[in-house]
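> Sequence plus predicted model, see below.
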Amino acid sequence: MKTLQKRLNTAALLCLMLFVSAAANAASKFDGSSNLICAAMDITACVDGVTCAKGQARTFDMPEFLTVNFKKKSILADYDGGKTAESPFKNFETTDKQLIIQGIENDHGWSLAVSKTTGRMSAASVGEEVSFTIFGACKAL
Amino acid sequence: MMMVALGVIAFSVTIPAHADGAGAFLGGIAVARIGEAVRDSNESQQQEADAASQQAYYAQQQAEAAQQAPQTAEEKIAQLDKLAAGGYITPEEYKSRKKAILDSM
């Protein structure tokens, strides 16, 4: 009986260790060590002096997936069946909860934040006339 | 209209490409496409609003006309013709209304 109890305790401990290790591994993947693929789900955009609109990526004829390549220091998106667009960044930072990437491109400043625990993503781009936010989710590659 | 024309000019500006030939994304195609979509949606919303106000105007005109003195059968049929031509009544409605006018003579 004692042996069985001991075995059960060992199995439970092992499961706990695996769970903690998996959780730590999942969190560590959103720290810049792995590239990410992100799905753009909801977009809200405003044009100065015109109006604001809300929709999905396809509402705005936007690529639905984007890749964050940390080696290349770039955010890449395929569109129109073969063309590639990219937004380079110089650096990224991690806080306790978020991975944050920022860049400046074509007179627009942008930020992309990914939750280190859930992978949920939000990005924003602001400029003189057009500003928008993208909400979605990322997965480590 | 002027605003739309200016928008087209603003978004037709070439999007700078990066060293390896890829176009700019978050400050490039995203801005151009999103900007264009928002402008288009605003334009279609305005068109819908214009159509609604025009329809309301015609409805008011009809109501005013209905309040006027009794019409002759000829006047009634002429009015019916106008409504049918404007697409405000279906051909079936036109036929039945016209029959009713003629029957009342």
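Yes, it's here.

> where does chain B have low pLDDT?
B:1-22, B:69-70 (pLDDT under 70).

> The helix or strand where A:Phe132 lies near chain B anywhere?
In this assignment (DSSP states H and E), A:Phe132 forms part of strand A:130-140. Yes: counting by C-beta under 8 Å from any C-beta of the partner chain, contacts between strand A:130-140 and chain B involve A:Val130, A:Phe132. Placement of C-beta: from N, CA and C, glycine included.

> what about that strand, average pLDDT?
Taken as a whole, strand A:130-140 has an average pLDDT of 96.

> And the helices in the chain, which stretches?
With no chain named, the answer covers chain A. If DSSP state H is used as the criterion, the helices of chain A fall at A:2-28.

> could you do chain B instead?
Under the criterion DSSP H, helices of chain B are mapped to B:2-11, B:30-67, B:73-85, B:91-103.

> now for the ones you listed, which one comes closest to A:Val47?
When those are ranked by distance to A:Val47, counting by C-beta to C-beta, first place goes to helix B:30-67 at 4.6 Å.

> give me the number of residues near the residue of chain B found nearest chain A?
Across chain B, the shortest distance to chain A (C-beta to the nearest C-beta) belongs to B:Gly27, at 3.3 Å. B:Gly27 has 24 neighbours, counted by other C-beta atoms under 10 Å in any protein chain shown.

> and what of A:Glu129?
In terms of burial, A:Glu129 registers 16 neighbours under the definition other C-beta under 10 Å.

> Noted, bye for now.
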